[in-house]
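S.K.: How does the following fold in three dimensions:
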Amino acid sequence: MIKKFTFGKPFNTFSCVLSVAECAEEIPFGTVETTAPAKSENSFAYTCALKPEDIVFGLGESVRGINKRGFKYVSNCSDVPNQSEDCESLYGAHNFIVISGEKTFGLYFDYPARIEFDIGFTQEDTLTVRADTADIALYVITPDKSAHVLDDIVTQFRTLVGRSYIAPFWAFGYQQSRWGYRTEDDIRSVVKKYRESNIPLDAVYLDIDYMDNFKDFTVSEEKFPAFKSFVSEMKTQHVRLVPIIDAGVKVEKGYSVCDEGEAKGFFCKKEDGSYFTGGVWPGNSRFPDFLNEDARAWFGAQYKKLIDLGIEGFWNDMNEPALFYSTESLADSFKKMESFKGKNLDIQSFFEFADISRSSFNKASDYRLFFHQIKNDDGSVTKVRHDKVHNLFGYNMTRAAAEAFDKITPGKRMLLFSRASFIGAHRYGGIWTGDNGSRWDHLLMGIKMMPSLNMCGFLYTGTDIGGFGGNTSRDLLLRWLAFGDFTPLMRNHSAAGTREQECWRFDHPEDFASVVGLRYRLIPYLYSEFMKAALNNTMYFRPLSFEYEDDKRARSVEDELLVGNDLLIAPVHEQNAVGRMVYLPQDMTLVRYHGNAVTEQTPLAKGDHYVSVPLEDVVFFVKKGHSVPLCKKNASCTEAIDYSSFDVVGDAPKGTAITLYHDDGFATDVSLEKGTIAIKQ
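M.R.: Sure thing, here's the model as predicted:
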């Protein structure tokens, strides 16, 4: 059951698709207080008690564990590269939590600006959610069923906010990216090496290097002199190119996107009506007013320039929005720097001096300098300061693209995912988890993040495999790929200046061919489970406790995940480990994959087991009484996957039919009834 409680005048975020009548009852489980500080704004605080055994799930993209107790999290879309576990904010703002205990219920705070979740941080027995203004819609969700109550609450919430984005079939293949592929020949070389090494590949990404001087929707003629032909050339090799689009539009006379946006008033302005100027990759930039529906339509139409050249997918970046500076904060930094001239820089002053060059980076005060023009139902326009709706910016950039694709390529699925997001964006595209590092703790953090993102509707998601920043190692990349075998978005991505981490660059590339090859043998199952989750408003990744509710051990396990209906994974996430302890909440079959083949199927009883996992192996577990199909033949790309014959792992009774979802991989008109096939063992 969903109940809605309204405070003040909530801003319409369009995150919900179901209309829920406002409830006049007293709020269950907690209390709300509003106060009236200066500036005539009402602050908001929701408080409820936490019992020692209560677990708090949710918050989508956030640090630390699956259980969020004991820390403070802030939903405030932030550009935070190389995040650590003490980061309060990341790139997304996903304000949905579920408290699981004697009383189990969900809370969604539909609020577009900064909001803080103190989950037993200040007081270990108290949850407090605070916002600066009391203009909030609060949804309280209680289970309709007595069994699997966590799944039930999540499904109710997902029904409230709408069906998750579905990527095209090819986007479930392995994808290679690097900030630093600068020319056609760079990409040809990458593809050639993957094919020669027998490592499957479906896409190569174009980071900011492909653009003409970092200008959105342009291609450098010097680096890509015949881009349309090159896109076609790559498709003949079953590889799609996926270019980046950034939120900041370069200020340059004669650049059509800038000129049109200024002429039509589609960029964000300051209070005095002049355009806001901030710095990102091209230097001085304008920022489209994505909360203005006309500006969204205009910006979305720009994607056609690249779609007409054969592009079938995009990744939107820098859309928190990231700001290196504003003209105001940059001037302030120079002024401060000047004040240190001639001074004795002692311990009191040197570090202040050293920080000045980054003092303008994503500065909170800069987000208060510009405004959005919001159309009202009566045709009037309301001016809203950006910080009041900050978390909606990246979401609406994704929305702009997706709505445009419906017009540019009607009926066809396009790949689209974003860095910044808010609940609601999950209907238009996926996300990746941002600029992580080549660190073992970031691999573990990515594992724990997956079910939380699924709860909030983001199913097409994954991490930068191998780590974006820093220098990966062979063992870290292999372990990360073994986890990435199961994430819907499987993309290896790294930053310029770091170790090149394409799979074929490391010793014994045949080990990488085996690990990535397993992904392609699993894709029919993974794609089917993804589609079932999307179309039924369920989760693709789940914590063990969602299924094994009465198992106290399962409630505490955070580095094992259920994948779909049949699988459990327990990725190795420690350096030099040759195996790990695994807790099985029921009898299962251990499946070992090595050298492009299943080499072991061993029944294991419920309980704790030490499992040997050599670096070149992938191990997963199939529930007792279940089976999982694997394609018989290895495929070099998704187009080569053979659905005509399968090997089956697991112990379902002989003759049991395995139902898979399978479609053409492109049509937007999808349903489980249209696309099921049965495999008999």
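
S.K.: neighbours of the nearest residue to residue 464 once chain neighbours are set aside, just the number please.
M.R.: Distances taken as Cβ to Cβ, 6 or more residues apart in numbering put residue 493 closest to residue 464, at 4.1 Å, once the chain neighbours are dropped. For every residue, glycine as well, the C-beta is placed using N, CA and C. Around residue 493 there are 23 other residues, counting by other Cβ atoms under 10 Å.

S.K.: And residue 493, how far from residue 221?
M.R.: 26 Å (Cβ to Cβ, to the nearest Å).

S.K.: do the same with residue 269
M.R.: 33 Å.

S.K.: mind checking the SS state of the most far-flung residue of the chain relative to its centre?
M.R.: The centre of the chain is farthest from one residue, residue 342, which by Cα atoms, centre = their mean lies 47.8 Å away. With DSSP: H, G, I helix; E, B strand; the rest coil as the basis, residue 342 sits in coil.

S.K.: Residue 269 and residue 221: who's more crowded?
M.R.: Between residue 269 and residue 221, counted using other Cβ under 10 Å, residue 269 has the larger neighbour count: 19 against 10.

S.K.: hey, what's that one bridged with?
M.R.: residue 275, residue 371 (DSSP bridges).

S.K.: can you pull out the helices in the stretch 451-600 of the chain?
M.R.: Assigned by DSSP state H, counting those that start in this stretch, the stretch 451-600 of the chain shows helices spanning 474-484, 509-536, 544-547, 552-556.

S.K.: er, the stretch 51-200 of the chain I mean
M.R.: Using DSSP H, counting those that start in this stretch, helices in the stretch 51-200 of the chain cover 149-161, 184-196.

S.K.: Show me the shaky parts of the stretch 201-350 of the chain.
M.R.: Regions of the stretch 201-350 of the chain meeting the criterion pLDDT under 70 are absent.

S.K.: Run through the strands of it in chain order.
M.R.: For the stretch 201-350 of the chain, strands defined by DSSP state E, counting those that start in this stretch occupy the ranges 203-206, 240-246, 249-250, 269-270, 278-280, 283-286, 313-317, 325-326.

S.K.: can you tell which of these is closest to residue 431?
M.R.: For residue 431, the closest of the strands of the stretch 201-350 of the chain is strand 313-317, at 9.4 Å, according to Cβ to Cβ.

S.K.: Strands along the stretch 1-150 of the chain, start to end?
M.R.: Under DSSP E, counting those that start in this stretch, the stretch 1-150 of the chain gives strands at 2-7, 31-35, 43-49, 55-58, 71-75, 92-93, 96-100, 105-110, 115-119, 126-131, 136-141.

S.K.: Columns distance to residue 286 on top of those, output as TSV?
M.R.: Formatted as TSV, the strands of the stretch 1-150 of the chain follow (distance: least, Cβ to Cβ, whole Å):
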stretch	distance to residue 286
strand 2-7	35
strand 31-35	37
strand 43-49	33
strand 55-58	35
strand 71-75	26
strand 92-93	23
strand 96-100	33
strand 105-110	29
strand 115-119	28
strand 126-131	29
strand 136-141	31
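
S.K.: export those to CSV and tack on mean neighbour count, mean pLDDT and distance to residue 500?
M.R.: Formatted as CSV, those follow (neighbours: other Cβ atoms under 10 Å; pLDDT from 0 to 100; distance: least, Cβ to Cβ, whole Å):
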stretch, mean neighbour count, mean pLDDT, distance to residue 500
strand 2-7, 18, 97, 49
strand 31-35, 13, 90, 53
strand 43-49, 18, 96, 48
strand 55-58, 23, 98, 37
strand 71-75, 21, 98, 35
strand 92-93, 32, 98, 29
strand 96-100, 24, 98, 39
strand 105-110, 23, 98, 43
strand 115-119, 22, 98, 39
strand 126-131, 20, 97, 44
strand 136-141, 22, 98, 47
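
S.K.: For residue 188, find the nearest of these.
M.R.: Once these are compared by Cβ to Cβ, strand 92-93 is nearest, at 35.0 Å.

S.K.: Run through the bridge partners of residue 34.
M.R.: Under the criterion used (DSSP bridges), residue 34 bridges to residue 44.

S.K.: How about residue 119?
M.R.: Beta-bridge partners of residue 119, as defined by DSSP bridges: residue 71, residue 127.

S.K.: residues touching it, list them.
M.R.: Applying Cβ atoms under 8 Å, 6 or more residues apart in numbering to residue 119 gives the contacts 50, 56, 68-73, 97, 127.

S.K.: re earlier: could you check the strands of the stretch 201-350 of the chain and tell me which one is nearest residue 550?
M.R.: strand 313-317 (41.7 Å).

S.K.: about what we covered before: could you dump the strands of the stretch 201-350 of the chain into JSON lines with distance to residue 452 added?
M.R.: Below are the strands of the stretch 201-350 of the chain laid out as JSON lines (distance: least, Cβ to Cβ, whole Å):
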{"stretch": "strand 203-206", "distance to residue 452": "25"}
{"stretch": "strand 240-246", "distance to residue 452": "25"}
{"stretch": "strand 249-250", "distance to residue 452": "33"}
{"stretch": "strand 269-270", "distance to residue 452": "36"}
{"stretch": "strand 278-280", "distance to residue 452": "29"}
{"stretch": "strand 283-286", "distance to residue 452": "32"}
{"stretch": "strand 313-317", "distance to residue 452": "21"}
{"stretch": "strand 325-326", "distance to residue 452": "33"}
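
S.K.: For residue 458, which of the ones you listed is the nearest?
M.R.: With Cβ to Cβ as the yardstick, what comes closest out of the strands of the stretch 201-350 of the chain is strand 313-317 (14.1 Å).

S.K.: May I have the strands that pair with that closest one, each with its orientation?
M.R.: strand 240-246 (parallel), strand 415-418 (parallel).

S.K.: okay, these, which one's buried deepest?
M.R.: Among the strands paired with strand 313-317, ranked by average contacts under mean count of other Cβ atoms under 10 Å, first place goes to strand 415-418 (a mean of 26).
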